[in-house]
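Q: here is a sequence with its predicted model. Questions after.
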2 protein chains.
Amino acid sequence: MLRPPLKHCRACGTAVDYRVPDDGDIKERAVCPACLTVHYENPLNVVGTVPTWGEHGEQVLLCKRNIEPRRGKWTLPAGFMELGETSSEGAARETDEEAGARFEMLGLFTVMNVTRVGQLHLFYRARLLDTAFNPGHETMEARLFLESEIPWEELAFRTVKETLEQYFADRRTGVFGIHTLDIS
Amino acid sequence: MLRPPLKHCRACGTAVDYRVPDDGDIKERAVCPACLTVHYENPLNVVGTVPTWGEHGEQVLLCKRNIEPRRGKWTLPAGFMELGETSSEGAARETDEEAGARFEMLGLFTVMNVTRVGQLHLFYRARLLDTAFNPGHETMEARLFLESEIPWEELAFRTVKETLEQYFADRRTGVFGIHTLDIS
């Protein structure tokens, strides 16, 4: 979701104006009338993994969400990238937090724009090292699914569906690429 | 560069406290003592292009920066991704703004974490349609360079250097991949 619009200056607390700054910019920004700080709002990165199990990666780990939005729906482990970490480190952190899984990180797999909500989603492949999961409070249940068992109608997010479809398609060819997609 | 730390609540303007929120989070955040808004700070995406010219893409367009940081140094056209655009659309917008070039966008080329400054850089390949450039105020000069002419010691950013090296390496093999790199 987009953040609520900024109403007060983050530097001095004065109520901001929305206008085109005087620096050659062409877009309306939140500008502080007191200290003249211009506030930019930018897309956020969501980072996650496709954790797989089995000699040929035939099972994928999904988490049943225990938080809104989409509580009760299934997702790949993913969340907002933080300052101080790489996209891969963020994806690994979310996999640890949401699934409590042990895994080895593999390569970048999907890069997807979700412009409507101002997000860029990046998923990495990961190889599970065992099947003992210890999900955190954000997850009701974490379990493995064969392709034929994936709850396609009960997935939480479009980018999760697209990433899973691409994973099983690549798995059939035996070659995992890096895939880009724009979702409106 | 990292943004200056948030001092006032963006919702109500009250001076914030830095503490671990009460919602199960484990990191210190700016929390508003009045309206209880928790403020998250996340990495920013920088998006740009490798604009090429010539039957075999033997020349690359670089822009001499007319703004700080690194004024006077050479860069690939790039800038901060904005809300409402995809990463590819942002890269195209920056190429238009900084070089005034006409081009066709091609595929994603490099995805690079620059953790020290909280940025993810994404560069796309682009095919120039002519050699008439009309750079904006952010650029002193825009011109084409053969590999042997690239001012390697006068490049503005490490991710520009890495992307150019990768471009000429891929060009020699004739196959352009998608490359990931983490820069500390």
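A: Cool, got the structure. Numbering: from 1, shown residues only, chains lettered A, B, ... in the order given.

Q: just the angle for the top strand by length along chain A relative to strand B:103-114, thanks.
A: In chain A, with assignment by DSSP state E, the single longest strand is strand A:103-114. Interaxial angle, strand A:103-114 versus strand B:103-114 (axes from the mean of the first three to the mean of the last three Cα atoms, to 10 degrees): 140 degrees.

Q: packing partners for the next helix or strand after strand A:103-114?
A: For strand A:103-114, the succeeding helix or strand toward the C-terminus, using DSSP states H and E, is strand A:119-128. When contacts are defined as 3 or more Cβ pairs under 8 Å, 6 or more residues apart in numbering or on different chains; DSSP states H and E, strand A:119-128 sits against strand A:44-53, helix A:87-99, strand A:103-114, helix A:158-173. For every residue, glycine as well, the C-beta is placed using N, CA and C.

Q: what comes up buried for stretch A:99-107?
A: A:Ala99, A:Gly100, A:Ala101, A:Phe103, A:Met105, A:Leu106 (16 or more other Cβ atoms under 10 Å in any protein chain shown).

Q: out of those, what pair is the most spread apart?
A: Between any two of the buried residues of stretch A:99-107, the greatest separation by Cβ to Cβ is 19.2 Å, found for A:Gly100 and A:Leu106.

Q: any stretches of chain A with poor pLDDT?
A: By pLDDT under 70, the low-scoring segments of chain A are A:1-2.

Q: report how many residues lie close to A:Ser184.
A: Per other Cβ atoms under 10 Å in any protein chain shown, the neighbour tally for A:Ser184 reads 8.

Q: please apply the same query to A:Phe109.
A: Quick note: A:Phe109 (other Cβ under 10 Å) scores 22 neighbours.

Q: separation between it and B:Asp170?
A: 20 Å (Cβ to Cβ, to the nearest Å).

Q: same check on A:Gln166?
A: 23 Å.

Q: so these two - more neighbours on which side?
A: Counted by other Cβ under 10 Å, A:Gln166 and B:Asp170 do not tie: A:Gln166 has more neighbours, with 19 against 16.

Q: give me the nearest residue to the more buried one, chain neighbours excluded.
A: Of all residues not flanking A:Gln166 in the chain, A:His179 sits nearest, at 5.2 Å (Cβ to Cβ, 6 or more residues apart in numbering or on different chains).

Q: circling back to that earlier point, so which elements touch the longest strand of chain A?
A: strand A:44-53, helix A:87-99, strand A:119-128, helix A:158-173, strand A:179-183, helix B:87-99, strand B:103-114.

Q: now render those as CSV, adding distance to B:Cys35.
A: Conversion of the helices and strands packed on strand A:103-114 to CSV gives the following (distance: least, Cβ to Cβ, whole Å):
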stretch, distance to B:Cys35
strand A:44-53, 21
helix A:87-99, 27
strand A:119-128, 25
helix A:158-173, 31
strand A:179-183, 33
helix B:87-99, 32
strand B:103-114, 33
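
Q: please identify the deepest-packed of those.
A: Of all those, strand A:44-53 carries the top mean neighbour count, a mean of 25, counting by mean count of other Cβ atoms under 10 Å in any protein chain shown.

Q: tell me which strands and helices that strand is in contact with?
A: Against strand A:44-53 (3+ Cβ pairs under 8 Å, 6+ apart) you get strand A:59-65, strand A:78-80, helix A:87-99, strand A:103-114, strand A:119-128, helix A:158-173.

Q: would you format those as JSON lines with distance to B:Cys32 included?
A: Below are these laid out as JSON lines (distance: least, Cβ to Cβ, whole Å):
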{"stretch": "strand A:59-65", "distance to B:Cys32": "27"}
{"stretch": "strand A:78-80", "distance to B:Cys32": "19"}
{"stretch": "helix A:87-99", "distance to B:Cys32": "25"}
{"stretch": "strand A:103-114", "distance to B:Cys32": "28"}
{"stretch": "strand A:119-128", "distance to B:Cys32": "24"}
{"stretch": "helix A:158-173", "distance to B:Cys32": "31"}
